[in-house]
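Trainee: My questions are about this predicted structure, shown below with the sequence.
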Amino acid sequence: MGIFVGACMVTGSIVAGFRQMLDVYILDALANKDHGYVFLFILFMAGLVGLLEKSGGLAGITHALRNYVKTARSAQSASFIAGIIIFFDDYANTLVAGNSMKPLTDACAVSREKLAYIVDATAAPIASIVPISSWVGFEISLIQAELDKILEQDPTSEIANTSAFAVFMESIKYRYYCIFMLMFIPLQILSGRDFGPMLIAERLTKVYGRTDGGPGKAVAADGQAIVSHNAPKSDTPPRWWNMAFPIVALIGYIFYLLVWTGQQSAVGGESFIELIELSNAYQALLWGTMAAALTGLAFYFIQDKKDGRIIFCNIKGYINKFNRFRSRPLCGRGQVEEDTDEHAVVLMGYREAMSSFLIGMEKIFSALVCLTLAWATGEIMQAVGLDRFFGEILTNPNLDYRMLPTLTFVIAILIAFSTGTSWGTMTIMFPLVLVPSYNASNGDPVIFYGVTAGILAGAVAGDHASPISDTTILASMASECQILEHVRTQAPYALMVAVWSILVGTIPSGRGTFANWASILLGFLVMLFHVVFTSEFTINKTGRFDIFTEIYLRCTRDKEFLLKLKADTVKAYETGQPVQLEETEKMIDGDDDTFAKMEGGDSLSIKDTKSWDKSDRTQDDTVTGIAETKETLDDSWVDHPMEQIEDN
């Protein structure tokens, strides 16, 4: 509807607007070559994830980490660390971290909203500030184009005579939003505190001991829980290396291809960092992902399974298989002696592998639809003049140039929020702002670097709060969280960090109030303040919410739901046990049909779920239930709690 209304505004006709909506904006979003790269990369990455799941690799990582990841804090920490490690690309970060950490966070009663937030809020900030990532080449190319313009008008400019990479590096310390967000997430995780909608989401999951991701988990079209049709066979041993090897190969291929594509544009003598700057990130991601999928496939083909064991390069088995094949009569003639021996079989057959690859692709189809519409929406926002409107504000001659870093940051947030694209925002903002800000400040390097950082950080901040952002959609998809629930719970955090980035970051640095290191220190202190004084433990003695939710509770008339949740929180604290789901089933999910059901249709009983330790529940109140229940529950419960718990 947004694209249609915008097209009608541009054409001045409902009929022409309808036509342009389809054959201009949506078709152009599909026809764009860079978008095609993204489509194929996402499809291949999703197919690789399908292979990892079918091989038992995802289950193997869960089993390998279960002795270390037993609490909500450790599960969230593992998700954050995974996001930091996969720093080279935000798409790869969200897809790999979300899919691999989901079983661990579910088993530790962490909500899907919290997982999606950790994955999403880590991916873009780390990828945008690390000098070796798929973002760097794109960002530097935009900066260099503006430096060339400055050099034409002022050949003696010190800034313009430096490299774009030097400007990029100088801008990192002024990207307050990215820095503060990467501070805020671990502080939240270590404290076990949240505020706003995220606290409610976490409480709905933990108070009721839900190990299915909570009410915010994504559901199928019929309202039922999403059931994987790609689970490994019952005789497939879960082994961590069947996930680790393809992921390591993926990282290695992408780095190699980033350097290789950079060499194609190089003139000779460039350093490693310079080659990364010159690289074609789209090609590296596309080729690297497919190469990793094929490498993983070959790795699975050289493994045989028998009696719960994995046999690598089973030469004896191959010889026996050949002898059995050779002993068969031709054309089905003659008698065949029945073979009653149990032989080792390949971990994953060719047909099975192809099927799992396609199932992985199928899972992200709805995300690709959302992504296409998001790109088209971004184009229509520019067509109706959003970029020109903000450009007039920034280039107003009566504007105090010391406020340019702040205004640039705010407007970049608004454009990124409206268009749903960080890179599109950068493309709009750099030609619009960088040269005028240089001229307005007479080449003040602090203002120039601050404006550059404001564009780059604002693009990330607006992207975090946008429901049509590609990374928002991918993080929701990888974590199997409802998109709007992810946005609703993450947006308050993004807004809070953005506000403090302005108050203690862009304003003081632009006006020269105090040094940059002081801004970063103050940012850390205000993040700590929010964690300690405006957030609340999920489980506490009085059931109180954070200060913002408590104010809302006193102002709203529709408070029955929150009061019930508050009372159940007190009950969970006093008993040290999760509240039975049946008591609040209808209130939590609103409809019995959408509530997590087992195959037989009965509600999940959580009477066997391990309670938290009362002596430590104010520090880290969590439902662990992994190691302590392994004597009574089969290992598969970790990965398939809803389907397996009844049989076990």
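Mentor: Alright, I've got the coordinates. Numbers count the residues shown, from 1 in each chain.

Trainee: could you pull out the strands for the stretch 301-450 of the chain?
Mentor: Secondary structure of the stretch 301-450 of the chain by DSSP state E, counting those that start in this stretch: the strands cover 303-306, 309-312, 345-346.

Trainee: in the second one, what's buried?
Mentor: Judged by neighbour count (16 or more other CB atoms under 10 Å), strand 309-312 contains these buried residues: 310, 311. Placement of C-beta: from N, CA and C, glycine included.

Trainee: Quick check: which helices or strands does that strand pack against?
Mentor: Judged by 3 or more CB pairs under 8 Å, 6 or more residues apart in numbering; DSSP states H and E, the packing partners of strand 309-312 are strand 303-306.

Trainee: Okay, buried residues for the strand it packs on please.
Mentor: Going by neighbour count (16+ other CB under 10 Å), the buried part of strand 303-306 is 303, 304, 305.

Trainee: What is the nearest of these to residue 409?
Mentor: Taking CB to CB as the measure, residue 303 is the one of the buried residues of strand 303-306 closest to residue 409, at 51.2 Å.

Trainee: what residues are up against the closest one?
Mentor: 242, 310, 311, 312, 346, 347 (CB atoms under 8 Å, 6 or more residues apart in numbering).

Trainee: The third one reaches residue 343, doesn't it?
Mentor: No: the criterion here is CB atoms under 8 Å, and residue 311 misses it with residue 343 at 11.0 Å.

Trainee: about what we covered before: using CSV, lay out the buried residues of strand 303-306 together with distance to residue 72.
Mentor: CSV is the format used below for the buried residues of strand 303-306 (distance: CB to CB, whole Å):
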residue, distance to residue 72
303, 34
304, 38
305, 34
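
Trainee: just to revisit the earlier point, okay if I get the contacts of residue 303 as a markdown table plus pLDDT and distance to residue 157?
Mentor: Output for the contacts of residue 303, formatted as a markdown table (pLDDT from 0 to 100; distance: CB to CB, whole Å):
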| residue | pLDDT | distance to residue 157 |
| --- | --- | --- |
| 242 | 86 | 55 |
| 310 | 80 | 62 |
| 311 | 79 | 66 |
| 312 | 77 | 61 |
| 346 | 78 | 64 |
| 347 | 81 | 61 |
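
Trainee: tell me which of these is nearest to residue 66?
Mentor: residue 242 (16.4 Å).

Trainee: Can you pull the phi/psi pair for residue 114?
Mentor: The phi/psi pair for residue 114 (degrees, to the nearest 10) reads phi -70, psi -40.

Trainee: And for it, nearest residue in space, chain neighbours not counted?
Mentor: Distances taken as CB to CB, 6 or more residues apart in numbering place residue 202 nearest to residue 114, at 5.8 Å, with adjacent residues excluded.

Trainee: Nearest residue to residue 490 in space, please, no chain neighbours.
Mentor: Here the residue nearest residue 490, using CB to CB, 6+ apart, is residue 117, at 4.7 Å.

Trainee: Kindly report the same for residue 86.
Mentor: Residue 86's closest residue in space is residue 93 (CB to CB, 6+ apart), at 4.4 Å.

Trainee: so the one you found makes contact with residue 121?
Mentor: No: using CB under 8 Å, residue 93 is not in contact with residue 121; the gap is 10.9 Å.

Trainee: And the two? Which one has more around it.
Mentor: residue 93 (28 against 25; other CB atoms under 10 Å).

Trainee: Does that one lie in a helix or a strand, and which?
Mentor: helix 90-107 (DSSP states H and E).

Trainee: What is that helix packed up against?
Mentor: helix 33-54, helix 57-65, helix 72-85, helix 112-129, helix 241-265, helix 281-301, helix 470-479.

Trainee: What mean pLDDT does it get?
Mentor: Taken as a whole, helix 90-107 has an average pLDDT of 80.

Trainee: Please state the offset of it from the chain centre?
Mentor: Centroid separation for helix 90-107 versus its chain: 7 Å, with CA atoms, centre = their mean, to the nearest Å.

Trainee: Now do it and helix 57-65, the angle between them.
Mentor: Angle between the axes of helix 90-107 and helix 57-65 is 60 degrees (criterion: axes from the mean of the first three to the mean of the last three CA atoms, to 10 degrees).

Trainee: Now do the buried residues in helix 90-107.
Mentor: Of the residues in helix 90-107, those buried (16+ other CB under 10 Å) are 90-107.

Trainee: what does stretch 355-375 give?
Mentor: By 16+ other CB under 10 Å, the buried positions in stretch 355-375 come out as 355-357, 359-361, 363-364, 367-368, 370-375.
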